[in-house]
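Asker: sharing a model that was predicted from the sequence below.
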Amino acid sequence: MEFSDVIIPTILAGVIAQGLKIVIFVFKHKKSFHIKDLIVTGSMPSSHSALVLALTVSIALYEGFNTAFVISLILALIVVRDAFGVRREAGEEGKMLNRIIKAARLKLPEEHYALGHTPLEVTVGVIIGVLTAVLAYAIL
C-alpha cells in the first residue's frame, strides 16, 4: 500500500461531500457562493463522515482487517456518532441562546453556532466515503 492509495480517496471524499454541501446550500437558500462556504459545517452531506469512512474503507481494501483498520474504524465511529449526537445538541443550544438574547433585547452580538448533522446527512456522508474508496480502489 502506498500513501497515495489511502490519502487520495480520503481527500477526494471530503472534497466531494463539501462540494455537494455548497451546491445544496446555494440552491436551498438561493444565495450566491461565498468563500466562507468552503468551510461551512452541518447540513447535507456530512463531509466528516465521508472523509473518515473513505479512510477506513481504503485501509481495509489495501491492508485488510489489521490494527490500522481497527484504529481507523474506532475513530470513524467516534466521528460519525459525534456528528449527529454531541455536535447536533451543541448547535441546538446555540440556536436557543440566540433566541434568548433576541427575546431579552440584549445588546449582544448574535452567537455563531454550527449545527451537527441529522442521521440522514451522516448516512449520505458515509455512502459518499465508502463509494469513493471503493471506486478509487478499482481505478487506482
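Answerer: Alright, I've got the coordinates.
Asker: which SSE is immediately downstream of the least confident helix or strand in the chain by mean pLDDT?
Answerer: Least confident helix or strand, the chain: helix 86-103 with a mean of 72, by mean pLDDT, DSSP states H and E. Once the chain leaves helix 86-103, the next helix or strand it forms, by DSSP states H and E, is helix 119-139.
Asker: tell me what that next one is packed against?
Answerer: With contacts defined as 3 or more Cβ pairs under 8 Å, 6 or more residues apart in numbering; DSSP states H and E, helix 119-139 has these neighbours: helix 3-29, helix 47-63, helix 67-84. Yep, even glycine has a C-beta here, placed from its N, CA and C like the rest.
Asker: how much space between Ile74 and Met96?
Answerer: Applying Cβ to Cβ, to the nearest Å, the value for Ile74 to Met96 is 32 Å.
Asker: please read the previous query as pertaining to Leu135.
Answerer: Leu135 sits 41 Å away from Met96, going by Cβ to Cβ.
Asker: run through who's touching stretch 128-140.
Answerer: 4-5, 8-10, 12-13, 16-17, 20, 45, 49-58, 61-62 (Cβ atoms under 8 Å, 6 or more residues apart in numbering).
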